[in-house]
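>>> coordinates only, sequence not included:
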């Protein structure tokens, strides 16, 4: 029997304190095929952004508890690299420059056109995926096309299998997070029936790249790099 590999829906975190607008955006993006999470204040947005990996983040500026650009700065400081679109009533050129300089990839002023918002989100995800074909792992680089890990020191590249490459890339794009076995199985080993597959491929990667490439965090999962 053929095994069907499902592709997870792209995930989006909406951080917006206007509950009606947040609900409208959530319904719109769900209809477009996104898996949507909503935070109504900056502290909740920070918690979700640091805890889970999203494909794109939509961020208001005038948030309670934690201002939007402060939230963005904290996410970037903690290694969160997902593309961010700022959606704000603060729309003059100086505001847009401030948002982009703070680490956002795009900035759209309210009120906005729905089709333009959807197009900008598609463009953000497309550019992010293209950029992510080379993943940095300390002083090494993983080429997702060739599935080779190259070091800055002389030596032949290390060739990985497709599963090894996908597992290493998933951890490498979440450098500050401990990722649970359940999340890794859902994202990388969608046809696996248990977490044994995750542990097995972590062992393979350590054997090829060294024991320090992935740290086991007891009771929680795995993290890239040394403890």
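Sure, I can see it. Everything numeric here is computed off the predicted structure, so don't read it as measured data.

>>> per-domain residue ranges of the chain.
Annotated domains of the chain cover 11-131, 134-224 [automatic domain parsing].

>>> return the set of buried residues in stretch 189-197.
By neighbour count with 16 or more other Cβ atoms under 10 Å, stretch 189-197 contains the buried residues 189, 192, 197. All C-beta spots, glycine's among them, are computed from the backbone N, C-alpha and C.

>>> return the residues in contact with the second one.
Put plainly, it is residue 192. 185, 198 (Cβ atoms under 8 Å, 6 or more residues apart in numbering).

>>> so how far is residue 185 from it?
5 Å (Cβ to Cβ, to the nearest Å).

>>> need the overlap of contacts for the two.
With Cβ under 8 Å, 6+ apart as the test, residue 192 and residue 185 both reach residue 198.

>>> would you check that residue 223 makes contact with residue 179?
Yes - here residue 223 reaches residue 179: they are 7.0 Å apart, a contact under Cβ atoms under 8 Å.

>>> show me which of these two is the more surrounded one.
Each of residue 223 and residue 179 has its neighbours counted (other Cβ atoms under 10 Å); residue 179 has more, 22 against 18.

>>> could you tell me the phi and psi values at the more buried one?
Dihedral pair for residue 179: phi -110, psi 130, per degrees, to the nearest 10.

>>> for the residue nearest to it when sequence neighbours are not counted, what are its contacts?
Of all residues not flanking residue 179 in the chain, residue 221 sits nearest, at 5.1 Å (Cβ to Cβ, 6 or more residues apart in numbering). Applying Cβ under 8 Å, 6+ apart to residue 221 gives the contacts 178-181, 183-184.

>>> residue 36 reaches residue 30, doesn't it?
Yes - with contact defined as Cβ under 8 Å, residue 36 reaches residue 30; the gap is 5.3 Å.

>>> these two - which one has more neighbours?
Each of residue 36 and residue 30 has its neighbours counted (other Cβ under 10 Å); residue 36 has more, 21 against 13.

>>> so that one sits in a strand?
Yes - per DSSP: H, G, I helix; E, B strand; the rest coil, residue 36 lies within a strand segment.
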